[in-house]
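Novice: Got a sequence here, can you model it:
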Amino acid sequence: MAEAYVIKMPQLSDTMTEGVLVSWEKKPGERVERGDVVATVETDKAIMDVEVFRSGYLAGPLAAVDAVIPVGEAIGYLVDSPDAQVETAAAAPATPAQPAAAGEDLGYAIKMPQLSDTMTEGVLVSWEKKPGERIERGDVVATVETDKAIMDVEVFHAGFLSGPLVAVDSVVPVGEPIAYLVDSAEQVRSDAATVASKSSDTSAVPAPAVASKPAAPAAPSSQPSRTAGAQPAPRPQQGSASPYARQLAGERGVSLEGLRGSGPGGCIVAADVLTQGTGAPTAIPAAPAVPGEGRPMTAIEKAISQSMTASLSIPVFHVTIHVQPEALMRAAKAAGVSVTVALAKAASAALEKHPLINAAYQPGDRIVDNRPHDIGIAATTEDGGLVVPVLRDVAHKSLAELQTDWKPLLEKARKRRLSPAEYQHPTFTISNMGMYGISQFDAIVTPGTAAILAIAATGPQGMPITITADHRVVNGAEAAAFLKDLQSAIEHPETWAESAAPRIPEGDFDTQVLVIGGGPGGEDCARELAEHGIRVTLVNNAPYPGGECLWRGCIPSKAWRAAADRIRDRAHDAAMGIDLGSPRLDWAQLERHRRGILQTRGEMALKTDQGMKIEVLEGFARFLDEHTVEISGKDARTLRFGACVIATGAPAFVPPIPGAKEALATGAAVTSDTVWDLETPPKRLCIIGAGAIGMEMAQMFHDFGAEVLVLEALPRPVAEMEKEVAEQLMAALRKNSPRLTVLTGVQTQEISGSKGDLTVRYRDAEGQEHRHNADLLLIATGKRPDTSALQLERAGVKLGERGAISVDSRCQTNVPHIFAVGDVIGGYMLAHTAGQQGRVAAANLLGERAQYDARKDSGVTFTRPQVAFVGLSGEQAKAAGLDVAEVKVPLSIDAKAMMTGETEGLIKLVADKKTHRIVGVHFLADHADTLVGEAVLMVSAELSLEQVASAIHPHPTQTELFGEMARRLLSRLRRSARNSQ
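Specialist: Purely as a prediction, here's the structure:
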């Protein structure tokens, strides 16, 4: 028999008790070098590599692919020559041996897993499967409360759940059985288990039978003393050591270097550490007896107790310094992150200069250093406990990335739902009790860290920061120097923070900020700046501000829509027993009403701007250089500015159709910019373009009495809408608008004729040519920016796709002091989008770091039923890499809709499966313009399904549909999660 080195199933995670052999990466007889990967195994967490740390030739017997191997069992061997053979009783088992107790075979034991380093026992919270139920590999059978959180218990074996089952609320030591799996339903037992305490005799506990191994020195009969929280000793440079031997060596301060192993292949086992080690943990005096009958500690209380007991063996000292936190708080606000995140980043900047503060003592007089900045931040749970979620690799992440990491961590911490990877092994810790008004306190260092920072409330001298440090790793001078550098990092965040938002350049300028364009984007930007005391000049190309929204878009079109709605409402009157006769449109009165609204709102806007000390100039601006414009028109002048915001909008786009320009010149055709001068509504209207503008106008003029034909080049109309919403809208239009026809896949060939007698020649989707006669043609093919008059090249501003000004998420162009917002930058060409972008640009010019997020934008199309959206559709979310689920409800089942006869349409909600965050809501409903407001808050505030489901909505209203949808989707996701485990 050749002397062989045993390749064992390694323990690759804290909870791993067995692994599945996925593949062999080397062949029998192949040469293997130290560090080679010989196989891959599937653990309870992932598929991972099996490395070897000896040289030799791979030899059998080899475990079969797909075999389930207990941790520590042989999967193969290394020998000295390719021809050597290994003699064993049997090949590595395909399945773990079955446990037995009291002479009976109970089945495969499901044990209380160790779900954290400090966990010694868990509380059985719930059974997710019932006795006799079929269990598949990877199923969650129970949930347990650990010292950190409530977590799932997965099994990696198939069978039927059987007793003895541990009762709910039982406290079970790690490694003890909580239930069993048997091969058939006939073997299932339903009796309850008796949980053995840790001090009980464990001889009756079922244990797997293992194959005989080379004899090892007998271990002492009593269990070795353990030090809670101690780290395993490092692997020896030569040879190997079992995981338990490494853990024991770390706890007892034994170095594994040079230690002779008695296990297979010279592996160091626990007995070697016990018989040859000389170190011993520091003894802790026994606690005095306390009168009274105490209650058992909860898992989290016990974990804290054990951790603090271990901490008593650490020699510590305390150093305090006072800092002024105002600059850090301003930097956090400017970056859009929490002060906690900014503080962690400041601490990381100081740790870079003092790496020993980030190191840790390891038993055996070693120091672990060169560690990433994994900063634990103490947080309280909803039930008053304490957990420490860990921000990983703080040094190499931006503030924005850290904020993205921290927000879900904090929420999970409050609910005690952190996974081990989210709270284990911090390298440095921060505890902030200043938020509770505490003026001074000392925190406690725990094993695995060398220092902890205690932050108290700001007082007359500033904010006290106290470092508690392990004197074995950090000396007093190093701690003091670290605190000085931390003080500097907190008081001068500009030294480490990402580049701050651009501010308004200083200099001899006529105005601090020039805003070109008086629409929603320009006005909102100018007003925000003026409110903060900035001198702003607004150049507008008309007597009154308001832009396209007021004069050519939102307001005038919705005035027409309101009149059309009154006509359309009469269709519902008869069902409710009301007869008001046939409605008649007085076009002249409608136009007086519409124009009066525009004039009133224009005057109001100008008075508001002037009242806020905004200098409003009428004219057209063009750049002379990057800080100068020339204004022509009523208020002509040359103006020098510090910063500029371009908000000039976008005109209607006219495609290159033969005859289109001529028809526009004669008034035979109009665009969404020029349709407002009609003397009477047309009787026959042709519209090119079935987008939002085209369909709104089509239905309005239909309701005013016209016959309408809409020609669309794309395969489906309103392509910008969610697909199902668009399909149902078109079905509703076909049903309720008999004089409205929409054709798709159409190519318009030519426009000819004159006003009142127009001919449009087009080719349909089948390639057949047609001619259509109309009184008026509306070209509604969208809008496209035209910046040619601005002379942007003189300022160095670059353009992007389709003539739009190229900007980043802060609305900043390639010229740092020049911004652009609204339709001129493309994207959603909506008034509220422009307004938000204007406020974002202003915030950045004021030194903050605001961003426009299109994923949270919204819009309404005022057809009937109305179409509305917030956030992402399911298709968009999946394209963005999100795993989402959708739920929808038809309006036909809604009580309020049935009362008013407005039952056409639906509401659809889109949520992230993992986080349950609502990422999109889509509507086809008669009152979507009012319903959409709640959806805006859902998506903007990143509300979860749970939050919406638990909100109390009034009845009978259509808002209660949101709660119904959230509850339905939650139920589905929970069932799906259970079935897929």
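
Novice: if you go through the stretch 351-500 of the chain in chain order, where are the strands?
Specialist: With DSSP state E, counting those that start in this stretch as the definition, the stretch 351-500 of the chain shows strands at residue ranges 360-362, 366-368, 375-377, 379-380, 386-387, 390-391, 428-432, 451-455, 463-470.

Novice: List the contacts of the closest residue to Val387 other than its chain neighbours.
Specialist: Among residues not flanking Val387 along the chain, Ala413 sits closest, at 4.9 Å (CB to CB, 6 or more residues apart in numbering). (C-beta placed from N, C-alpha, C; glycine too.) Ala413 makes contacts with 379, 381, 387, 389, 423, as judged by CB atoms under 8 Å, 6 or more residues apart in numbering.

Novice: What of Gly705?
Specialist: Applying CB under 8 Å, 6+ apart, the residues contacting Gly705 are 585, 681, 683.

Novice: Mark which of those are buried, thanks.
Specialist: By neighbour count, with 16 or more other CB atoms under 10 Å, the contacts of Gly705 hold 585, 681 as buried.

Novice: Put together JSON lines for the contacts of Gly705, with pLDDT, distance to Ser752 and secondary structure on each row.
Specialist: Shown next, in JSON lines, are the contacts of Gly705 (pLDDT from 0 to 100; distance: CB to CB, whole Å; DSSP: H, G, I helix; E, B strand; the rest coil):
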{"residue": "Leu585", "pLDDT": "89", "distance to Ser752": "30", "secondary structure": "coil"}
{"residue": "Pro681", "pLDDT": "94", "distance to Ser752": "23", "secondary structure": "coil"}
{"residue": "Lys683", "pLDDT": "95", "distance to Ser752": "19", "secondary structure": "coil"}
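
Novice: Which single one of the contacts of Gly705 is nearest to Gly507?
Specialist: The closest of those to Gly507 turns out to be Pro681 (CB to CB; 54.5 Å).

Novice: Hmm, Leu590 and that closest one touching each other?
Specialist: No - using CB atoms under 8 Å, Pro681 is not in contact with Leu590; the gap is 9.1 Å.

Novice: hmm, back to that, quick one, which of the contacts of Ala413 are buried?
Specialist: Buried subset of the contacts of Ala413 (neighbour count, 16+ other CB under 10 Å): 379, 381, 387, 389, 423.

Novice: For these, give me CSV that also has pLDDT and distance to Gly519.
Specialist: Below are the buried ones among the contacts of Ala413 laid out as CSV (pLDDT from 0 to 100; distance: CB to CB, whole Å):
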residue, pLDDT, distance to Gly519
Ala379, 87, 45
Thr381, 83, 49
Val387, 85, 49
Pro389, 93, 45
Tyr423, 86, 50
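
Novice: List just the nearest of these to Gln728.
Specialist: Nearest to Gln728 among the buried ones among the contacts of Ala413, with distances taken as CB to CB, is Pro389, at 44.4 Å.

Novice: Could you check how many residues crowd around the nearest residue to Arg535 once chain neighbours are set aside?
Specialist: Leaving aside its sequence neighbours, Arg535 sits nearest to Gln512 (CB to CB, 6+ apart; 4.5 Å). Residues lying near Gln512 (other CB atoms under 10 Å) number 19.

Novice: Just list the residues touching the nearest residue to Cys525 once chain neighbours are set aside, thanks.
Specialist: Spatial nearest neighbour of Cys525, chain neighbours left out: Gly838 (3.4 Å); criterion: CB to CB, 6+ apart. By CB under 8 Å, 6+ apart, the contact set of Gly838 is 520-526, 528, 645, 647, 821-822.

Novice: Perfect, that will be all.
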